[in-house]
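> below are the sequence and a predicted model for it; my questions follow.
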Amino acid sequence: METVKRPRRVAVIGVGILGASVGWNLSRRGVQVVFIDAGRPGEGVTDWSFSWVNASNKTALKSYFDLNVAGMAAHRELARAIGPDSWWYPSGHLRWADDRAAETKLLETASLLTSWDYRVEVLTGAEVRRLEPALQLPDRVPVAFCADEAWVHGRHLVERLVGQAVAAGAEHRFGTAVRGIGTDADRRIRTVALSDGSVLDVDAVVNAAGPSASEVARFVARDLPMRREPGVVTRIGCTRVPVRRAMHAPHIEIRPHGDAEVVLHSREVDGLIDALIDTEADPPELAQRLHEAACHVVPELRDARIAQTRVVQRPIPADGFPSVGEVPSVPGYYEAVSHSGITLGPVIGRLLASEILSGTRDAMLADFRPERFPSGNGWPSPPR
Ligand SMILES: Cc1cc2nc3c(=O)[nH]c(=O)nc-3n(C[C@H](O)[C@H](O)[C@H](O)COP(=O)(O)OP(=O)(O)OC[C@H]3O[C@@H](n4cnc5c(N)ncnc54)[C@H](O)[C@@H]3O)c2cc1C
């Protein structure tokens, strides 16, 4: 039987929630980790996410739903391991609709989730107002309440994970981009070249570069096809945060963000990005649309002011599912690239660290392997 060589030094390229989770898991199991980020840890998409930890929105593929359920459990374990304060908000999630078709779909999804042993309760609008007194919604509208769901302050979580790993001996190079990855004659990973001119000796790399993951993959001549799917997120400042949990109301998603801000997002407004702005530009018109939609649901937000808005790219492999694990043709090169990365970061971090250390591929990731995108051959149909 072939023995797996435990890597001595692993470069984690990109320190958002995915890189931080993999690096933290490796570090606590005795691996020398080097965190590398072109910017600051946690300040990429992870800081500009709706950040809802859930599996109720992941019902299209059962194995993906199961992975997200494991992601929710991994967050609860992580909160026990590192402490929940300042990043973990397990207050549940509300969803309701304002048209018949969407309401029918919501009730069908609630039945499906119940049949998969997922905790979902259908409340009335009047009952929900006892939980969230600031909401304006019809008394009899059905509202799906998923009590086990949560939201996460992604940047705070990343800072906590990196801080613990560094205290345990991990190295870091922040404000420094990876410019190249060196391999030997057998295509084994040997070095990482940085924008400051330094070259690090490593025997494995984890590509956790989020929306830039396909650029990093090209350093090992790998074609990782990704979708272009931008999203716009606005933070509005208010003297009193009027909502207690994450919610999908008609036309707007709302959640608290600390003691003085609310985060707003809407798939409908995302759909306007290309038409309204160059994604590099300040998007005030999109922010105003989000604010306007939020005021229909939470009237007291009318006095709030728009604080910050960003347009960011979702890190989505071309078939919509994560790419996690070693690329067999490049030993020592691993990917951790995923949408829903807030939900999935801790579970992907744990599973990938185990794979790097033991060589054992977890069955839970079987549908999400990098080799379903063979280099140079385009990409095949979505996983089973
Ligand atoms: C609008 C929107 C809403 C979302 N809502 C949710 C949600 O409700 N729930 C959910 O689970 N997920 C959600 N997501 C997805 C989730 O936010 C992402 O999947 C997750 O944050 C990705 O984390 P990451 O660590 O892969 O990427 P990032 O946080 O972007 O981290 C990647 C890091 O790589 C660095 N980097 C890039 N290139 C290089 C290089 N060459 N060298 C060094 N460093 C490099 C960057 O500086 C960055 O810090 C949402 C995303 C968007 C855009």
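Nice, thanks for sending it over.

> which residues of the stretch 201-350 of the chain lie near the ligand?
Within reach of the ligand by CB under 6 Å from any ligand atom, the stretch 201-350 of the chain has these residues: 208-212, 216, 231, 233, 265, 312, 314-315, 338-343. C-beta coordinates here come from the backbone N, C-alpha and C atoms, glycine included.

> next step: these restricted to strands.
231, 233, 265, 312 (DSSP state E).

> identify the farthest-apart pair in these.
265 and 312 (10.6 Å; CB to CB).

> which residues do the two both contact?
Taking CB atoms under 8 Å, 6 or more residues apart in numbering as the contact rule, residue 265 and residue 312 both touch 231-233.

> by neighbour count, which of those wins?
When neighbours are taken as other CB atoms under 10 Å, the top entry among the shared contacts of residue 265 and residue 312 is residue 233 (26 neighbours).

> report pLDDT for it.
Looking at residue 233, its pLDDT reads 97.

> that one contacts residue 47, doesn't it?
No. Between residue 233 and residue 47 there is no contact under CB atoms under 8 Å: 9.2 Å.

> rewinding a little: what about residue 265 and residue 312, which has more around it?
A count of neighbours by other CB under 10 Å puts residue 265 above the other of residue 265 and residue 312, at 22 against 18.

> tell me the bridge partners for that one.
Residue 265 forms beta bridges with residue 233, residue 253, as assigned by DSSP bridges.

> so who does it touch?
Here residue 265 is in contact with 50, 231-234, 252-253, 290 (criterion: CB under 8 Å, 6+ apart).

> could you rerun that using 7 Å?
Residue 265 makes contact with 50, 231, 233, 253 under the criterion CB atoms under 7 Å, 6 or more residues apart in numbering.

> and the two most separated of these?
Maximum distance among the contacts of residue 265 (CB to CB): 10.4 Å, for 231 and 253.

> tell me which residue of this structure lies closest to the ligand.
residue 16 (2.1 Å; CB to the nearest ligand atom).

> just give the number of residues close to that residue.
29.

> where's the closest residue in space to it that isn't next to it in sequence relative to residue 211, distance?
Counting by CB to CB, 6 or more residues apart in numbering, residue 16 lies nearest to residue 46, which is 3.9 Å off, once chain neighbours are set aside. For residue 46, the distance to residue 211 (CB to CB, to the nearest Å) stands at 11 Å.

> report pLDDT for residue 273.
pLDDT at residue 273 comes out at 86.

> do a quick rundown of the helices in this structure.
For the chain, the helices defined by DSSP state H occupy 17-28, 62-82, 100-115, 125-131, 154-167, 213-218, 267-270, 273-276, 284-297, 341-358.

> contacts for the longest one, please.
By that I understand helix 62-82. Taking CB under 7 Å, 6+ apart as the rule, helix 62-82 contacts 53-55, 58-59, 88, 116, 148, 150, 160, 164, 321, 340, 343-344, 346-347, 350, 364, 367.

> do stretch 145-156 as well
17, 42-43, 46-47, 49, 51-54, 56, 72, 75, 86-94, 119-121, 123, 246, 255, 342.
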